[in-house]
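>>> Provided below are the primary sequence and the corresponding predicted coordinates.
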Amino acid sequence: MSTTPSVQLPLGQAVLPPAFVSFSAEIIPQTSEALLNAVTRFVSQGFRDIHLLLSSPGGMVALGITIYNVLRGLPITLTTHNVGNVDSIGTVIYLAGEHRYTCPQATFMLHGVSFNAPPMAQFFEKTLQERLASIQADHERIKAIYNERAGIDPQRAEDIFLGESTMNATEAVASGLAHGIKVVQIPAGSPIQQLIFNRQAGMQAI
């Protein structure tokens, strides 16, 4: 993983340019920690206008919720860009942006929470009830975020959880997920933090 670049401001320049973080990965512990570290380091350097270039197939629900809450709590104006595909719990992270844009060719995919079971696993009634309760609790958290940030009706979210909903850029704007369609443009002089990871397998998926 690369390190956050430092920025040398010209003498007399009081306002920092927008900073950009490029994140294309699954939502797992390693990638989540790196993303939050990159953003908070920019904040500690004084940046208050941060853009997240996001593409993710989803990943661990709890981590996605944590990222969302931290990003929402930072003293910044966050703009999120879908630069490829934002799927599953990745949509929750995307919704942390005060301003949300999607590239014309990008897509979103929304669906319900699932869990991975190890081979030959045995599930008794109590275990299944606990798993179901956990999934329902995650659905409620995600529904609340969809409703608050994108205006998606809870019943519409329930319908999404029962299947899969793939949206193109135009549909994402119409649904309230995105605010507009535009190609990413990075101003000259803006620092860019590109996060690079080794591929990892095996995780709870949403």
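Good, I have the coordinates.

>>> how distant is the longest helix anywhere in the chain from the center of its chain?
Secondary structure of the chain per DSSP state H: the longest helix is helix 125-145. Averaging C-alpha coordinates over helix 125-145 and over its chain gives two centres that are 20 Å apart (CA atoms, centre = their mean, to the nearest Å).

>>> which helices and strands sit right next to that helix?
Contact partners of helix 125-145 among helices and strands, from 3 or more CB pairs under 8 Å, 6 or more residues apart in numbering; DSSP states H and E: helix 61-73, helix 154-161. C-beta here means a position set from N, CA and C on the backbone, and glycine is covered the same way.

>>> Can you give the contact residues for the longest one?
In other words, helix 61-73. With CB atoms under 8 Å, 6 or more residues apart in numbering as the contact definition, helix 61-73 has outside contacts at 27-29, 32, 35-36, 39-40, 52, 58, 78, 89-90, 92-93, 95-96, 113, 138, 141-142, 145, 204, 206.

>>> rerun at 7 Å
27, 29, 32, 35-36, 39, 78, 89, 92-93, 95-96, 113, 138, 141, 145, 204, 206 (CB atoms under 7 Å, 6 or more residues apart in numbering).

>>> Please tell me how far it is from the chain's geometric centre.
For helix 61-73, the gap between its own C-alpha mean and the chain's C-alpha mean amounts to 8 Å (CA atoms, centre = their mean).

>>> What of stretch 135-154?
Mean C-alpha position of stretch 135-154 versus that of the full chain (CA atoms, centre = their mean) differs by 15 Å.

>>> cool, and stretch 92-107?
Taking mean C-alpha positions (CA atoms, centre = their mean), stretch 92-107 and its chain are 9 Å apart.

>>> Now it: average pLDDT?
Mean pLDDT, stretch 92-107: 98.

>>> Of the contacts of helix 61-73, grab the buried ones for ChimeraX.
Paste this into ChimeraX to select the buried members of the contacts of helix 61-73, with burial taken from 16 or more other CB atoms under 10 Å:
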select :27,32,35,36,39,78,89,92,93,95,96,113,138,141,145,204,206
